[in-house]
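**Q** Got a sequence here, can you model it:
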Amino acid sequence: MTDRASNPSIGRDPQAPVKRVLIMTAVEAERDAVLRSLSRASAAGSSSAAEAGGEPAVDVRLAGVGPALAAAATAAELAVGAYDLVVSAGIGGGFESRAPVGSLVVASEIIAADLGAETPDGFSSVDELGFGSARVPVHGGLAARWAEAARDAGLPVCQGPVLTLSTVTGSAATADLLADRVPGAAAEAMEGYGVAAAAHRLGIPALEIRAISNRVGPRQRELWKIGEALQALEQACSLLPEVLQS
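**A** Here you go, the predicted structure:
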């Protein structure tokens, strides 16, 4: 079992400087977009980063698809490395009223939206059942600064809850149900809760960012904009080193 003695990240002060970051993506295309962004940011450099003593070290790893694989992969990385921040990054679906295709969502909270039980009165989350929590908080200060930096760079962005689902939405009825279940929900994906739960277990702050490739609802693959979303992800992640130094 990993403990404070074997991993100095456990229970770290969330206000302490971020020196090493772990970014988890589900698939190679997302990983490659993040790596391109970091390479571009490093090549561009910044006077503020130099004055602060250099940019944080960033490792980008594959999480796999779904919350279980994501949690296991993240836990494995955290068992062998000391990190100050963990980020779940990738593309995802946007709730139409909050996050249109091509925009970015920085999570204000990470929620496992289908973790619970069906009851005669409808869905009950594990929180309501008394079996833990389906919600993981994010590092609020960094989330706000990342969203602000994206906005300043001219990127369309919002902050809101990002939902994690084991089965992504494929109908308007389910989209409406989820929007009612989590007021203000902005995006859905499949890995954020797993990544964040592994980090939270060790007291390490977490973030999630999603570039929107499609709207949450019926699966109309011909309307998906995966290439554009990956470009938006690359642009957003290129801002992260500067955000961490601000």
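
**Q** Identify the residues contacting residue 122.
**A** Shown in contact with residue 122 (CB atoms under 8 Å, 6 or more residues apart in numbering): no residues. Heads up, the C-betas are built off the backbone N, CA and C, glycines and all.

**Q** Kindly report the same for the one 4 residues further on.
**A** Residue 126 makes contact with 112, 115-116, 132-134, according to CB under 8 Å, 6+ apart.

**Q** Narrow those to those in strands?
**A** For the contacts of residue 126, membership in strands holds for 112, 116, with DSSP state E as the criterion.

**Q** Would you check how far apart the spatially most central residue of the chain and residue 59 are?
**A** By CA atoms, centre = their mean, the chain has its centre lying nearest to residue 208, at 1.6 Å. Distance, residue 208 to residue 59, by CB to CB, to the nearest Å: 17 Å.

**Q** can you count the residues close to the closest residue to residue 153 other than its chain neighbours?
**A** What sits nearest to residue 153 in space, not counting adjacent residues and going by CB to CB, 6 or more residues apart in numbering, is residue 239, at 6.3 Å. As a burial measure, residue 239 scores 22 neighbours (other CB atoms under 10 Å).

**Q** With residue 55 instead?
**A** Neighbourhood size, residue 55 [other CB under 10 Å]: 22.

**Q** Pretty sure it sits in a helix.
**A** No. Counting by DSSP: H, G, I helix; E, B strand; the rest coil, residue 55 falls outside a helix, being coil.

**Q** Do you know the pLDDT at it?
**A** Confidence at residue 55, expressed as pLDDT, is 76.

**Q** hang on, it packs against residue 244?
**A** Yes. Residue 55 is within contact range of residue 244, at 7.4 Å (criterion: CB atoms under 8 Å).

**Q** which is the next helix or strand following the lowest-mean-pLDDT helix or strand in the chain?
**A** None of the helices or strands of the chain scores lower by mean pLDDT, DSSP states H and E than helix 47-51, at a mean of 43. Where DSSP states H and E defines the elements, the next helix or strand beyond helix 47-51 is strand 57-62.
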